[in-house]
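Student: sequence-free structure coming up:
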């Protein structure tokens, strides 16, 4: 936190500025949203307990968290996909939570590129934009 004279240490200031920059791009997936039917998906387990964060592994593009607002479902991909594609297994045609979902549009927050996507029995496959819209955690928006 701030020092006794009220100043914020430089390393902490940099972290806060990075969070603010991320929220400028991805805030729509956070502000005023609610949880979705599923918290998320992915292989990376987060250790619990006091001071356990140092032993956590890095997230992958298979680690995805969900929020929702109105007719929007947000899939926040926690790392950039190596080959430019993300597969969201929770949104497979036959998946429990994807039944009755009618996806009309898919785009990535912070990108003006048109996004190609398809839905099959393995998941919702999204071709990510050529350019990363921010430095970390990338938000795919589905209009339902």
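Tutor: That came through fine. These numbers were taken from a predicted model, which means no experiment stands behind them.
Student: Give me the number of neighbouring residues for residue 12.
Tutor: As a burial measure, residue 12 scores 13 neighbours (other CB atoms under 10 Å). C-beta: built from backbone N, CA, C; applies to glycine.
Student: I'd guess it is in a strand, am I close?
Tutor: No. Applying DSSP: H, G, I helix; E, B strand; the rest coil, one finds residue 12 to be helix, outside a strand.
Student: so what strands line up beside the top strand by length along the chain?
Tutor: Longest strand of the chain, by residue count under DSSP state E: strand 34-41. Using DSSP bridges, strand 34-41 pairs in its sheet with strand 64-69 (antiparallel).
Student: For the strand it pairs with, buried residues please.
Tutor: 64, 65, 66, 67, 68, 69 (16 or more other CB atoms under 10 Å).
Student: JSON lines please, covering the residues you listed and showing distance to residue 2 and pLDDT.
Tutor: Putting the buried residues of strand 64-69 into JSON lines (distance: CB to CB, whole Å; pLDDT from 0 to 100) gives the following:
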{"residue": "64", "distance to residue 2": "34", "pLDDT": "98"}
{"residue": "65", "distance to residue 2": "30", "pLDDT": "98"}
{"residue": "66", "distance to residue 2": "34", "pLDDT": "98"}
{"residue": "67", "distance to residue 2": "30", "pLDDT": "98"}
{"residue": "68", "distance to residue 2": "35", "pLDDT": "98"}
{"residue": "69", "distance to residue 2": "33", "pLDDT": "98"}
